[in-house]
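Colleague: What would the 3D arrangement of this be:
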Amino acid sequence: MEMPDAADLRPAPLPGVEMTFTLARLPSADLNRALYAAVGARVCWTDRFPWTHERWRAWVERLELSTWIAMAEGTVAGFFEIEAQPGGDTEIHLVGLTPAFVGRGYGGYLVEQCTRRAWQRGELWAPAAGPASRVWLRTSSLDHPNAIANYRRRGFKVAAESTAPKLVPDPRIAPWPLPRDPRHKADHPQPLRDR
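Modeller: Numbers count the residues shown, from 1 in each chain. All right, here's what the predicted structure looks like:
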């Protein structure tokens, strides 16, 4: 999905309590790994789990990547990673809420604030990268069921679509709780049977 103009960004309703956003000025592989697991486990963010500590460090210590931490009610409510790419492209790599904040009206505001900061590249973060000319992101059917509608409400449009298989963990052996078996369609959940 993409947003080719900052004027396309539409605000979200304010959440019921104050939500603040802090740029992680000291890159930390440990922090990003923990946030990735806390936010993404329920929506099958598994691609980075095999990464070594060195690979995490190489990822987060780049000047073109920024990590933002969302706080609400005195705790971490979510985070996002945005990357300044060549030619003015700015990719939202990750954006999401921790489980305690899902379904409480924070998601739209999180995406809005993430997108605002993506458009502020070259000013607020990645000063050498220059201004953004397009903000884009990838999503999938494994993401939160309201994710695509949320992105559209913020002003994103579908830029391209593709279909590809993805291996996802069996929730019976996953080291984190999953709300449903991600191997089945959300609208037709099927119980797992012991084998």
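Colleague: how about the helices in this structure?
Modeller: 29-40, 53-60, 107-119, 147-154 (DSSP state H).
Colleague: Flag the shaky bits of the chain, pLDDT-wise.
Modeller: 168-195 (pLDDT under 70).
Colleague: Please, where are all the strands along it?
Modeller: 2-3, 19-23, 65-72, 75-84, 89-97, 134-137 (DSSP state E).
Colleague: Can you add distance to Ala149 and mean neighbour count and give these back as JSON lines?
Modeller: C-betas here are computed from N, CA, C, even on glycine. Formatted as JSON lines, these follow (distance: least, Cβ to Cβ, whole Å; neighbours: other Cβ atoms under 10 Å):
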{"stretch": "strand 2-3", "distance to Ala149": "15", "mean neighbour count": "21"}
{"stretch": "strand 19-23", "distance to Ala149": "20", "mean neighbour count": "14"}
{"stretch": "strand 65-72", "distance to Ala149": "20", "mean neighbour count": "21"}
{"stretch": "strand 75-84", "distance to Ala149": "18", "mean neighbour count": "22"}
{"stretch": "strand 89-97", "distance to Ala149": "15", "mean neighbour count": "21"}
{"stretch": "strand 134-137", "distance to Ala149": "14", "mean neighbour count": "22"}
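Colleague: Now tabulate the ones you listed in TSV and tack on distance to Arg152.
Modeller: TSV is the format used below for the strands of the chain (distance: least, Cβ to Cβ, whole Å):
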stretch	distance to Arg152
strand 2-3	11
strand 19-23	21
strand 65-72	21
strand 75-84	18
strand 89-97	14
strand 134-137	12
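Colleague: and of these, who's closest to Ala41?
Modeller: Ala41 sits nearest to strand 89-97 of all the strands of the chain, at 10.2 Å, using Cβ to Cβ.
Colleague: Which elements pack onto the closest one?
Modeller: Under the contact criterion of 3 or more Cβ pairs under 8 Å, 6 or more residues apart in numbering; DSSP states H and E, strand 89-97 touches helix 29-40, strand 75-84, helix 107-119, strand 134-137.
Colleague: can these go into TSV with extra columns for distance to Ala147?
Modeller: Shown next, in TSV, are these (distance: least, Cβ to Cβ, whole Å):
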stretch	distance to Ala147
helix 29-40	12
strand 75-84	13
helix 107-119	8
strand 134-137	10
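Colleague: of those, which approaches Gly155 most closely?
Modeller: helix 107-119 (7.8 Å).
Colleague: Run the chain-centre distance for that closest one.
Modeller: Distance of helix 107-119 from the chain centroid (Cα atoms, centre = their mean, to the nearest Å) equals 10 Å.
Colleague: what's that helix packed up against?
Modeller: Counting contacts by 3+ Cβ pairs under 8 Å, 6+ apart, helix 107-119 is packed against strand 19-23, strand 65-72, strand 75-84, strand 89-97, strand 134-137, helix 147-154.
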